[in-house]
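**Q** Have a look; sequence and predicted model below, questions after that.
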Amino acid sequence: MGIRSPIGNTPGELVKSLKERRSGICIMPEWQNIKGLRTRVAGVCYIEGEEESIPRPYRRSMAE
């Protein structure tokens, strides 16, 4: 089983975050100057350096 989420990239990290009631939602100040964007909050998944662990067909449908 695998997972990529704002609160953990492994099942163990996810369960720990849920037990600690941690939110993966954060404010994105760099979005402030994006015209027409009405939100500045996001749930960002950090997988830097691990992109190759996700099969290419799935990565192709993911936004950067």
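**A** That came through fine.
**Q** And A42, what's its pLDDT?
**A** pLDDT for A42: 94.
**Q** Could you do the one 4 residues further on as well?
**A** Predicted confidence (pLDDT) for Y46: 79.
**Q** Leaving out chain neighbours, which residue sits closest to it?
**A** N9 (7.5 Å; Cβ to Cβ, 6 or more residues apart in numbering). In this view, the C-beta of every residue, glycine as well, is placed from N, C-alpha and C.
**Q** For the one you found, grab the count of nearby residues.
**A** 17 (other Cβ atoms under 10 Å).
**Q** The one 5 residues further on now?
**A** The number of residues packed around L14, counting by other Cβ under 10 Å, is 17.
**Q** For beta bridges, what are the partners of the closest residue in space to it that isn't next to it in sequence?
**A** Excluding the flanking residues, the one nearest L14 by Cβ to Cβ, 6+ apart is G8, at 3.9 Å. Beta-bridge partners for G8, by DSSP bridges, are S5.
**Q** now G8: how far from R40?
**A** According to Cβ to Cβ, to the nearest Å, G8 stands 23 Å off from R40.
**Q** Those two: which has the busier surroundings?
**A** Set G8 next to R40 and count neighbours by other Cβ under 10 Å: G8 wins out with 18 against 13.
**Q** For the more buried one, list the residues it contacts.
**A** Counting by Cβ atoms under 8 Å, 6 or more residues apart in numbering, G8 touches 14-17.
**Q** And the buried ones among those, selectable in ChimeraX?
**A** One line in ChimeraX is enough to select the buried ones among these; burial here means 16 or more other Cβ atoms under 10 Å:
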select :14,17
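**Q** and the contacts of G8, which of them are in helices?
**A** 14-17 (DSSP state H).
**Q** of all the residues you listed, which comes closest to I34?
**A** S17 (28.0 Å; Cβ to Cβ).
**Q** Leaving out the residues flanking it, which one is nearest to the residue sitting nearest the centre point of the chain?
**A** Taking Cα atoms, centre = their mean, the centroid of the chain lies closest to C45, which sits 1.7 Å from it. Once flanking residues are discounted, C45 sits nearest to R4: 4.9 Å by Cβ to Cβ, 6+ apart.
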